[in-house]
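Q: coordinates only, sequence not included:
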C-alpha cells in the first residue's frame, strides 16, 4: 500500500481555475411522486442509493411490494419485494442489503423476518428468526446484529438479540429483557442497543446498554423510558432519542447526549418524542419525530442541532417524521406520515439539501466524514472548495494522508511523499489565493488492503509553507474503513 500511496498521480484540480460559484440553497425536494403509503425506514447504501420500506405497493408509479430503491432520479423494485414491511436495514461494505421486519417471504423465498438482497436476488439467513425484527446493524468485520421480538435465531435460543456471522446465529451473552428498537456500532466495535428493556446480560440497564463483544454494561442509570433512535458523531459521542424525560440524573426532553461518562441535555430538547436521528459529517445532528418545537423553536417534525441551538428546516413537515437517513453529500432523507415538506408536496418521503460548505470538502466514493468499503472495491477520492467570502485570501493548500501508521503529504510536484507525522516535516501542494474549485478527482485506487485510511484537505493562513495547526485553518477529512 505504501507504493500505491506514493503514486496516486497528478492532482487535476489545480488546472481548474474556474470562477464558478455554488448556488445550492437549503431546500426540501420530493423524490418523484413519492410512495403510496407512510415510510417506516430509509437508509442509503455505500454508493448513495436510497432504500425505503413501508406499507406501500407503489413507488413513483412503479409497482413494488413494501420496499423500493431510489437512485437519485427514479424508483425501482427489488425483485418481487417482500410480503410485509421491513422495519430495519443494514448494508455490508460491498453494498449487499440486509432487511429485517414483519415479512416471512422475500422475492418468493421463505425468509423468516430477515433476508439479504445482493442487487439481483433475495436469499434467506438460514431458518431466520422466530418473530419480527425491529433493528439491525453491521460491524466492521461484516457481522450482522439483529434485535426484535424473537427468542430463537436459527434454532439457537436467544433473548431478543443475536449475531449472524455469515453462516450461523449466536447469542450475545444472556441477551436483553426486551427488544432493542435501534442498534449502532462505534469505531471501536462496541455495540449500543436502545429500546424496551431494563436488563442486559443480567445487568440493570434502563432502555440502553453497550456490548463490547464479551459482556454488557449500562450507561450510568440509563434513560427514563423507551429509546427509539441512536446516532454517533465523529468524536464518538452518542445521541439518543425517545420518549424519556430524564437521562441518568439529568432532566431532558426526549433527546440526550452520552459522552462516555455522563449524560447531558441538548438545550431544552423537544416538545414530543424524537424517534429518528442522523449526524452529518460536520457534526450537525438532525432529529425527526412527533414534536412541534425544539428548543422553543417551531420546527414541525424535524429539526437541526448545531451543538448549541435548534433550528427549523424550512418549516418542517405537515405530519410526523418516522425515519432519517444521511446521504453522501450531507443531504438528509426523511420518511414518515407527511405529505408536505417545507411546503413542497412530498408523499411520505423527501430530501433536504443543506447549504453548501464554505471551504474545503473531501469525499470518498461520494461520502463525507466516513466511508466503509470492501477490499475488493474501488476507491475514488474527490475534492472541492467553495471560497465564499474567502475568495482571494492568500493561503497554503494541504493534502495529507494517513494509511495505518504511515503519513504522506502531496508536494508541489503533485507527488505523495512520506513523512513522520510532524507538521514541520510536510509541505503544501500549492500556495496562493483562494479560488473556487469545482469537484475534481484526487485519486483512484482498487484492491486496497483491509485497514483504516484518512485523508485531509486543508487551507491555512498565513501563507508561509508551514502547517501550523494552531493558526487559522479550514479543513475537511474523510476516513475510509476497508474490510
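A: Yes, it's here. Remember, predicted model here, so these are calculated numbers, not experimental data. Numbers count the residues shown, from 1 in each chain.
Q: Low-confidence stretches in the stretch 351-483 of the chain?
A: Of all residues in the stretch 351-483 of the chain, none has pLDDT under 70.
Q: One more pass at 90, please.
A: 353-359, 365-378, 386-391, 414, 421-425, 438-448, 450, 466-476, 481-483 (pLDDT under 90).
Q: Of all residues in the chain, which one is nearest the centre?
A: residue 326 (5.1 Å; C-alpha atoms, centre = their mean).
Q: for the closest residue in space to that residue that isn't next to it in sequence, what are its contacts?
A: With sequence-adjacent residues excluded and distances taken as C-beta to C-beta, 6 or more residues apart in numbering, residue 326 is closest to residue 278, at 4.7 Å. (Glycine included, C-beta is placed from N, CA and C.) By C-beta atoms under 8 Å, 6 or more residues apart in numbering, the contact set of residue 278 is 231, 285-286, 324-326, 332.
Q: So which of those sit within strands?
A: 231, 285-286, 324-326, 332 (DSSP state E).
Q: and the two most separated of those residues?
A: Across those, no pair lies farther apart than 285 and 325, at 14.1 Å, counting by C-beta to C-beta.
Q: How is this structure divided into domains?
A: Taking automatic domain parsing as the criterion, the chain consists of the domains 2-21+358-482, 27-353.
Q: mean pLDDT for the ones you listed: which is lowest?
A: Sorting those by mean pLDDT places domain 2-21+358-482 lowest, at a mean of 81.
Q: Now do that one: distance to the chain's middle.
A: 22 Å (C-alpha atoms, centre = their mean, to the nearest Å).
Q: The residue nearest to residue 326 looks like it's in a strand, true?
A: Yes: assessed with DSSP: H, G, I helix; E, B strand; the rest coil, residue 278 lies in a strand.
Q: Show me what the residue lying closest to residue 231 once chain neighbours are set aside is bridged to.
A: Spatial nearest neighbour of residue 231, chain neighbours left out: residue 277 (3.9 Å); criterion: C-beta to C-beta, 6+ apart. Beta-bridge partners for residue 277, by DSSP bridges, are residue 287.
Q: Burial check on residue 277, number of neighbours?
A: Residues lying near residue 277 (other C-beta atoms under 10 Å) number 25.
Q: Going forward, the N-terminal residue is numbered 202.
A: Got it, the first residue is 202 from now on, which makes the last one we talked about residue 478.
Q: and the end-to-end length of stretch 338-351?
A: 16 Å (C-alpha to C-alpha, to the nearest Å).
Q: List the buried residues for stretch 583-591?
A: By 16 or more other C-beta atoms under 10 Å, the buried positions in stretch 583-591 come out as 583-588, 591.
Q: circling back to that earlier point, for the domains of the chain, which one ends up most surrounded?
A: Among those, domain 228-554 has the highest mean neighbour count (mean count of other C-beta atoms under 10 Å), at a mean of 20.
Q: Kindly provide the distance from residue 425 to residue 317.
A: Distance from residue 425 to residue 317, counting by C-beta to C-beta, to the nearest Å: 36 Å.
Q: returning to what we had before: which one among the ones in strands among the contacts of residue 479 gets closest to residue 361?
A: Looking across the ones in strands among the contacts of residue 479 and measuring by C-beta to C-beta, the closest to residue 361 is residue 432, at 21.6 Å.
Q: can I assume the closest one is in contact with residue 480?
A: Yes: counting by C-beta atoms under 8 Å, residue 432 touches residue 480, with 4.8 Å between them.
Q: re earlier: so of the buried residues of stretch 583-591, which ones are in helices?
A: Among those, DSSP state H puts none in helices.
Q: Let's have those residues in a markdown table, adding distance to residue 357.
A: Supplementary listing: those in a markdown table, determined by distance: C-beta to C-beta, whole Å:
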| residue | distance to residue 357 |
| --- | --- |
| 583 | 44 |
| 584 | 47 |
| 585 | 49 |
| 586 | 52 |
| 587 | 52 |
| 588 | 57 |
| 591 | 58 |
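Q: so how far is stretch 492-501 off the chain centroid?
A: 24 Å.
Q: what's the span of that stretch from first residue to last?
A: 6 Å.
Q: How about stretch 349-358?
A: End-to-end span of stretch 349-358 (C-alpha to C-alpha): 14 Å.
Q: what residues does that stretch touch?
A: Contacts for stretch 349-358 (C-beta under 8 Å, 6+ apart): 288, 301, 314, 326-336, 347, 359-361, 363, 365, 369-372, 380-381.
Q: What about those residues, which are in helices?
A: Among the contacts of stretch 349-358, no residue falls in helices (DSSP H).
Q: So which of the residues you listed sit within strands?
A: 288, 301, 334-336, 347, 363, 365, 370-372, 381.
Q: Show the backbone phi and psi for residue 270.
A: phi -120, psi 140 (degrees, to the nearest 10).
Q: residue contacts, it?
A: Per C-beta under 8 Å, 6+ apart, neighbours of residue 270: 250-253, 276-279.
Q: isn't residue 289 right next to residue 298, touching?
A: No: using C-beta under 8 Å, residue 289 is not in contact with residue 298; the gap is 10.9 Å.
Q: What segments of the stretch 452-601 of the chain are helices?
A: Remark: helices of the stretch 452-601 of the chain are absent; assignment by DSSP state H, counting those that start in this stretch.
Q: before we move on, the earlier item: ok, now which ones touch the residue nearest to residue 432?
A: 430-432, 440-442, 456, 486-489, 525.
Q: One more pass at 7 Å, please.
A: Counting by C-beta atoms under 7 Å, 6 or more residues apart in numbering, residue 478 makes contact with 430-432, 440, 442, 486-488, 525.
Q: how about those residues, which pair is most distant?
A: Across the contacts of residue 478 (C-beta to C-beta), the longest gap, 13.4 Å, separates 431 and 487.
Q: ok so, going back, what's the separation between the residue nearest to residue 432 and residue 311?
A: 34 Å.
Q: Name the residues linked to residue 271 by a beta bridge.
A: Under the criterion used here (DSSP bridges), residue 271 is bridged to residue 251, residue 276.
Q: does it really touch residue 251, like I thought?
A: Yes: using C-beta atoms under 7 Å, residue 271 makes contact with residue 251 at a distance of 4.3 Å.
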